[in-house]
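> Build the 3D model from these lines:
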Amino acid sequence: MSNKEIQALAESLGQYLKKNECYLTTAESCTGGGLAYAITAIPGSSTWFDRGFITYSNFSKQTILDIPEDALKKYGAVSQETVLLMAQNALEKSIADIGLSITGIAGPTGGTSEKPVGTVYFGIAQKSMPPQATKQQFTGNRESIRQQSIQFCLHWVNQILYLK
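The predicted model follows:
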């Protein structure tokens, strides 16, 4: 994994969005804005990237993205249900056509036996398709998990968009 690989994936995403005249928004927790940073590092990204939401705390997920407190209590902040709500609600709160979301446990603390450090969920919501989510288990230190998450998310969204 390298910054060059992340840049290439972000460029590929940007090419797709620009060609299809689409806008993207992001909602991030464990990556702390790293996905939006990778995307906005691409020159011209303002023509296809609308905004990024960094909702690190549960309170911010509730107040910025309208994630119901009941859902966070029932499923947890790191769950398929929450990541789907993050993607869908970010999409609704923007002019974007596609919403990406990431929530997980980057560590070194916070993991449980059910959701160990390195557990990360990814969501995508599109105006034209039902939302999707996937879960990955990464290893390494905090920075490594965050970088792996950003790279995976960019790879995953490119796969979804280019295969549909």
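> Show me the shaky parts of the chain.
Across the chain, the ranges flagged by pLDDT under 70 are 1, 164.
> which residues in it form helices?
For the chain, the helices defined by DSSP state H occupy 3-19, 34-40, 58-65, 69-75, 80-92, 142-163.
> Of those helices, which stretch is the most buried?
helix 80-92 (a mean of 23; mean count of other CB atoms under 10 Å). C-beta coordinates here come from the backbone N, C-alpha and C atoms, glycine included.
> Let's see that one as CSV, backbone CA atoms only.
Taking C-alpha atoms only, helix 80-92 is exported to CSV below (Å, rounded to 0.1, in the frame of the first residue of the first chain):
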residue,chain,number,x,y,z
GLN,A,80,-23.3,-2.3,8.8
GLU,A,81,-26.5,-0.5,9.8
THR,A,82,-24.6,2.6,10.9
VAL,A,83,-22.4,2.8,7.8
LEU,A,84,-25.4,2.5,5.5
LEU,A,85,-27.2,5.3,7.3
MET,A,86,-24.0,7.4,7.2
ALA,A,87,-23.8,7.0,3.4
GLN,A,88,-27.5,7.6,2.8
ASN,A,89,-27.7,10.6,5.0
ALA,A,90,-24.6,12.2,3.7
LEU,A,91,-26.0,11.8,0.2
GLU,A,92,-29.3,13.4,1.3
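> Contact partners for the spatially most central residue of the chain?
The centroid of the chain falls nearest to Ser101 when counting by CA atoms, centre = their mean (2.7 Å). Contact partners of Ser101, counting by CB atoms under 8 Å, 6 or more residues apart in numbering, are 26-28, 83-84, 86-87, 90, 122-125.
> ditto for Asp97
Contacts for Asp97 (CB under 8 Å, 6+ apart) come out as 22-24, 91, 126-128.
> run the last query once more with 7 Å
22-23, 126-127 (CB atoms under 7 Å, 6 or more residues apart in numbering).
> Counting neighbours, what do you get for the residue nearest to it when sequence neighbours are not counted?
Nearest non-adjacent residue to Asp97, counting by CB to CB, 6 or more residues apart in numbering: Cys22, 4.2 Å away. The local packing of Cys22 (other CB atoms under 10 Å) involves 17 other residues.
> shouldn't Cys22 be in contact with Gly99?
No. Using CB atoms under 7 Å, Cys22 is not in contact with Gly99; the gap is 11.2 Å.
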